[in-house]
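Visitor: Whatever this is, show me its structure:
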Amino acid sequence: MPELPEVETVKSYVEKRILNKKISNIKVLNTKLRWPINAKDLKNVIGNLIVNISRKGKYILIKLDTADRVIVIHLGMTGVISFKHIDEYIENKHDHLLIFFDESVFIYNDVRKFGSIHITQKINTMFLLKDLGPEPLSDKFDDQYLFEISRNRSCSIKELIMNQKIVVGIGNIYASEALFLSKIHPAKISREITRVQYKKLIKNIKTTLKKAIKLGGSTIKDFKNAEGKPGYFTHELLIYQKKHCPIHKRNLVKNIRISGRSSFYCDKCQKM
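Guide: Now for the predicted structure:
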């Protein structure tokens, strides 16, 4: 599933292609996603201008110039946004949504159909967005915030930083990398971690995400950006899906399951 850096990469490319452009037509080819696409509501925005494109967690927000309408897109596991010149577009069986502009067409394709597309006028109370925690790259997400919120928590630290109500967008890959850099075992109980450790973890989360965004995210299985390119941060991964620890080179990387997700760590670097 695309995580924050991958979604930020897609958002930035989409912004370059359609910001300040007017929607000339919309076609819903297949409504079947995680939640059915409301074709009627989407067609009501034909003629609207795209005035802003942003991201909240793993959601791409396309703001229109009429009645505070916002198109909300989640890529799910295999959602891909791409663009074609109108004359070059050929329908693909997994294309769900087409948004037409003067010369180009925005295409949402999703093989496994776990993504979602919504339109709302109440972004702050929309059911997918209203309970999300702060952005990990924001000033609000600091060691004081995470330390205080963890004091009565018995979950593991990896579960804590992947909880979207605590902080948005830190997925499995980047949680594993940041915990390795911070020398914190992924299964360590969050309330047992010190303020000093949290300060180091916050720094490494932000550093890892910024570097991943710069390199276009990570491609482990399916992710490609809107240009069809993979994420190059995969080449910078230190612990995720690695065989040996980069520090203790003869030590095999361990893999345990935490909340159903693979959690890679070095038992010499990250002691309980």
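Visitor: Against residue 124, how distant is residue 68?
Guide: Distance of residue 68 to residue 124, computed by CB to CB, to the nearest Å: 11 Å. Just so you know, the C-beta spots here come from the backbone N, C-alpha and C atoms, and that holds for glycine as well.
Visitor: Comparing those two, which residue is more hemmed in?
Guide: Neighbour count, other CB atoms under 10 Å: between residue 68 and residue 124, residue 68 has more, with 11 against 7.
Visitor: Quick check, the more buried one in contact with residue 126.
Guide: No. Contact between residue 68 and residue 126 fails when scored by CB atoms under 8 Å: they sit 11.7 Å apart.
Visitor: Show the average pLDDT along the helix or strand containing residue 9.
Guide: Taking DSSP states H and E as the definition, residue 9 sits inside helix 4-18. Averaging pLDDT along helix 4-18 yields 92.
Visitor: Same question for it: list its buried residues.
Guide: Neighbour counts over helix 4-18 (16 or more other CB atoms under 10 Å) mark 4-11, 13-15, 17-18 as buried.
Visitor: try stretch 52-66
Guide: Neighbour counts using 16+ other CB under 10 Å place 53, 55-64 of stretch 52-66 among the buried residues.
Visitor: Residue 82 pairs with what?
Guide: Beta-bridge pairing of residue 82 under DSSP bridges involves residue 107.
Visitor: ok, and the closest non-adjacent residue to residue 271?
Guide: Of all residues not flanking residue 271 in the chain, residue 185 sits nearest, at 6.3 Å (CB to CB, 6 or more residues apart in numbering).
Visitor: so that neighbour touches residue 266, yeah?
Guide: No. With contact defined as CB under 8 Å, residue 185 does not reach residue 266; the gap is 9.4 Å.
Visitor: Helix or strand: which one has the nearest residue to residue 205 once chain neighbours are set aside?
Guide: Leaving aside its chain neighbours, residue 205 sits nearest to residue 178 (4.4 Å; criterion: CB to CB, 6+ apart). According to DSSP H and E, residue 178 maps onto helix 172-181.
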